[in-house]
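Q: Structure here, sequence nowhere to be found:
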């Protein structure tokens, strides 16, 4: 992807947290962790192996911003891709964000399951989140449980997930998920942020972080199709980022991030077909800094959507502007498939029947067509691709 310097910095997705001066923070959530025993030498004591939420999540993203790395945010469709994420994180020595989409949740529940009123999409995401919570600590890494794009018509899906968060919070003192994304970028700025603010009030009561989108990420991903969008909408203005920041910061205990578009497009395209303008992110940071009268050069935390196929230079330039997470989907989908494809190619002659192989006409082939064999090959290939992504994001060996 081509990086363009312009008067504005445009990012597909930007994430920002409200500063301490806004809202009233829960004493339980923001309790000092100075006396806690550290699980990771390079991270604050609040961050432990397993799912991170609330203050621990803020501490993790602050650490990423301060130390110049971004967390891979990976779309998953089942336990195989979930496990690939955590396996990769354990290998590269950093955090990982496991991301559920509405369609991914439905797939986890089963495509034949009744999805009336998003029942399967909700149940599948909850089931996947519980799987992560059961096994994440075994990998010894911090894991962020997140959901991806939710447009206005899909809000009942988030309502269902929030009901699960609230129930989990009552029992465990933290939400089931770490964060949710609302993508209302197709609406007017005022309606977008107005709805986000209403949801932020609900999120804040159980320490859920909100990721919101400004501008539009082009291309198509998992039911969200912006392939024919006006190109001007691919670029967010600093004034829009400030408006959202100011409005959401009025909510007590607000935790939010912003996906601001700077020309990002979902999918992989030929070089030169996508023009990124990350200078928009820098200008947005400067604009907010001046409005706040702050000494912080990066008051916003940005997230990078549509990152597949982006050049390493573009990625690292965006991280310097405050990007603390980059979404990855297209590249990991290909990696998983390519692992399965390679397994079939290598073992083709053993996969033509239950009996009969190069080893003999009466030899069984069960150990080759056992689904775990090909699926494991996909897991390994996806994990390898994520380790490469972590290198690009400066997210290697950031734990210890």
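A: That came through fine. If you're wondering where the values come from, they're calculated on a predicted model, not measured in any experiment. Residues are numbered from 1 along each chain as shown.

Q: which residues of the stretch 201-350 of the chain fall in strands?
A: Defined through DSSP state E, counting those that start in this stretch, the strands belonging to the stretch 201-350 of the chain, from first to last, are 209-214, 219-221, 224-226, 256-260, 275-276, 302-304, 323-328.

Q: tell me the mean pLDDT over the last one?
A: What strand 323-328 shows for mean pLDDT is 95.

Q: and it, what does it pack onto?
A: Strand 323-328 makes packing contacts with helix 54-67, strand 71-75, strand 302-304, helix 371-392 when contacts are defined by 3 or more C-beta pairs under 8 Å, 6 or more residues apart in numbering; DSSP states H and E. Any C-beta I mention is one placed from the backbone N, CA and C, and that applies to glycine too.

Q: mean pLDDT lowest for which of these?
A: Within these, the least confident segment by mean pLDDT turns out to be strand 302-304, at a mean of 93.

Q: that older thread, would you list the strands of the stretch 201-350 of the chain in CSV and tack on distance to residue 154 and mean neighbour count?
A: As requested, the strands of the stretch 201-350 of the chain are exported to CSV (distance: least, C-beta to C-beta, whole Å; neighbours: other C-beta atoms under 10 Å):
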stretch, distance to residue 154, mean neighbour count
strand 209-214, 13, 27
strand 219-221, 14, 20
strand 224-226, 9, 18
strand 256-260, 16, 28
strand 275-276, 27, 23
strand 302-304, 19, 33
strand 323-328, 17, 30
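
Q: and residue 89, which of those strands is closest to it?
A: Judged by C-beta to C-beta, the one of the strands of the stretch 201-350 of the chain that comes nearest to residue 89 is strand 323-328, at 12.7 Å.

Q: between the closest one and helix 371-392, how many degrees?
A: Strand 323-328 and helix 371-392 meet at an angle of 150 degrees, taking axes from the mean of the first three to the mean of the last three C-alpha atoms, to 10 degrees as the criterion.

Q: Off-centre distance for strand 323-328?
A: Averaging C-alpha coordinates over strand 323-328 and over its chain gives two centres that are 7 Å apart (C-alpha atoms, centre = their mean, to the nearest Å).

Q: what do you get for stretch 383-398?
A: 15 Å.

Q: List the buried residues in it.
A: 383-387, 389-390, 392-395, 398 (16 or more other C-beta atoms under 10 Å).

Q: can you map out the helices along the stretch 1-150 of the chain?
A: Taking DSSP state H, counting those that start in this stretch as the criterion, the stretch 1-150 of the chain contains helices spanning 54-67, 79-92, 102-109, 119-139.

Q: so who does residue 86 touch?
A: 96, 98, 132, 135-136, 139, 141, 143 (C-beta atoms under 8 Å, 6 or more residues apart in numbering).
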